[in-house]
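Asker: how would this look folded up:
(one chain, ligands or ions: 1)
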Amino acid sequence: MTKIIDGKLIANKLKHDLKNEIIQLKQKYNKVPGLAVVQVGNVAASSVYVNAKTKSANEVGINVIDHHLDDNVTEDELINLIKKLNTHNEVDGILVQLPLPKHVDEQIILDTIHPNKDADGFHPLNVGKLSISSKNENNLLIPCTPLGCILMLKSLNLELKGKNAVVIGRSNIVGKPMVQLLLKESCTVTIAHSKTENLEKICSTADILVAAVGKPEIVKENWVKENAIVIDVGINRIQKKINGEIKNKLVGDVDFSQVKEKVFAISPVPGGVGPMTIACLLINTTTAFKNKISKNY
Ligand code: NAD
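Answerer: Below is the predicted model of the structure:
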């Protein structure tokens, strides 16, 4: 029977372990990790994500410092806030919720975050470290979504070494770091994207298929190999006719009902990668805190 990779369950286990770790860190150092969350404007989806991240951080004992700024904040004002947070003693991780308003250059803002406090793992220095690091370094700040995906794969307790992995999507926040993480597991990795020819054929060679496209249910049954493992990163809001009524629905990049019949394991949407992404943000914040303590900066 197909295994459904329950991201919610795995994330809850990770958060439970993290909570215990933070209790121990507090006993030892009389301090807890601190996460600064910066949101600009009132994009509804951003508010949902920020609330979920704040709630989970509080649950594990991370101290959250919220900065909710007006839509019309200038780039300079935002840069100044990040610079202050960079030197703030009680802030170990800084998260800037994307997207930012059009008049602000996202890359400039992300690059302003000190690499040691880069809770999302997007800073070029951390991106570089991820690509050159050896397998077992546990002090890296790694983009949360691909880290969540790799932890889901590891939860299956299968040998990943030598497996053919295909990642669809080459974004900086998901596709590219996913490739690095799969390489670290000694997978043979192919990265596909919007200009890839014969996408379907390439996907059908994958023992592990990671879909990070942003196109609702693009991956069909004939795209996947029998007994493959499929991780669906996509989050797409669509309208679907259910019992004659048009309803809003959240679907992934994989046609779940078709594909699940054929594969060994698959992550659902919702309840798959989403909760893992949040858990990994908390892991990164705690990693940054431990790095600070061990290096005494
Ligand atoms: P993106 O738009 O930055 O990148 C999409 C990638 O898909 C691009 O590299 C593009 O080349 C590729 N692509 C587009 N159309 C394609 C096609 N027809 N065939 C093959 N490749 C194609 O998106 P992203 O930020 O990487 O996110 C991808 C999806 O993952 C989105 O649905 C997003 O909402 C979701 N996401 C989920 C989480 C989570 O926590 N679950 C986190 C980040 C992103």
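
Asker: What are the neighbouring residues in contact with residue 176?
Answerer: 127, 170, 191 (Cβ atoms under 8 Å, 6 or more residues apart in numbering). For glycine as for every other residue, the C-beta is placed from the backbone atoms N, C-alpha and C.

Asker: List the contacts of the second one.
Answerer: Contact analysis of residue 170 by Cβ under 8 Å, 6+ apart lists 176, 191, 193.

Asker: Now narrow the contacts of residue 176 to whatever sits close to the ligand.
Answerer: residue 170 (Cβ under 6 Å from any ligand atom).

Asker: Get me the contact residues on the stretch 51-200 of the chain for the ligand.
Answerer: Counting by Cβ under 6 Å from any ligand atom, the stretch 51-200 of the chain comes close to the ligand at 145, 168-171, 173-175, 192-194, 196, 199.

Asker: Closest to the ligand out of the contacts of residue 170?
Answerer: residue 193 (3.4 Å; Cβ to the nearest ligand atom).

Asker: Excluding sequence neighbours, find me the nearest residue to the closest one.
Answerer: residue 170 (4.4 Å; Cβ to Cβ, 6 or more residues apart in numbering).

Asker: Looks to me like that neighbour is in a helix.
Answerer: No: counting by DSSP: H, G, I helix; E, B strand; the rest coil, residue 170 is located in no helix; its state is coil.

Asker: gap between the spatially most distant residue from the centre of the chain and residue 53?
Answerer: In terms of distance from the mean C-alpha position of the chain, residue 244 ranks first, at 35.4 Å (Cα atoms, centre = their mean). Separation of residue 244 from residue 53 (Cβ to Cβ, to the nearest Å) stands at 37 Å.

Asker: What ranges does the stretch 51-200 of the chain have for its helices?
Answerer: Using DSSP state H, counting those that start in this stretch, the helices found in the stretch 51-200 of the chain span residues 75-87, 106-112, 124-132, 144-154, 175-184, 199-203.

Asker: quick one: low-confidence parts of the stretch 51-200 of the chain?
Answerer: By pLDDT under 70, the low-scoring segments of the stretch 51-200 of the chain are 135-136.

Asker: ok, 90 please
Answerer: Scanning the stretch 51-200 of the chain with the threshold set as pLDDT under 90 gives 133-138.

Asker: residue ranges for the strands of this structure, please.
Answerer: Using DSSP state E, the strands found in the chain span residues 3-4, 34-40, 63-69, 93-96, 164-168, 188-192, 208-211, 229-232, 236-242, 245-251, 265-266.

Asker: For the last one, give the mean pLDDT please.
Answerer: In this model, strand 265-266 carries a mean pLDDT of 98.

Asker: my guess is residue 221 contacts residue 257, does it?
Answerer: No: contact criterion Cβ atoms under 8 Å: residue 221 and residue 257 do not qualify, at 9.3 Å.

Asker: can you list the residues that contact stretch 280-296?
Answerer: 14-15, 18, 21-22, 25, 29, 31-35, 53, 56-57, 60, 62, 92-93, 95, 116-121, 138-142, 144-145, 147-148, 151.

Asker: run the last query once more with 6 Å
Answerer: Residues outside stretch 280-296 that contact it (Cβ atoms under 6 Å, 6 or more residues apart in numbering): 18, 33, 35, 53, 57, 60, 62, 92-93, 117, 119, 139, 141, 144, 147-148.

Asker: Of all the residues in that stretch, which ones are buried?
Answerer: Under the neighbour-count criterion of 16 or more other Cβ atoms under 10 Å, stretch 280-296 has 280-292 buried.
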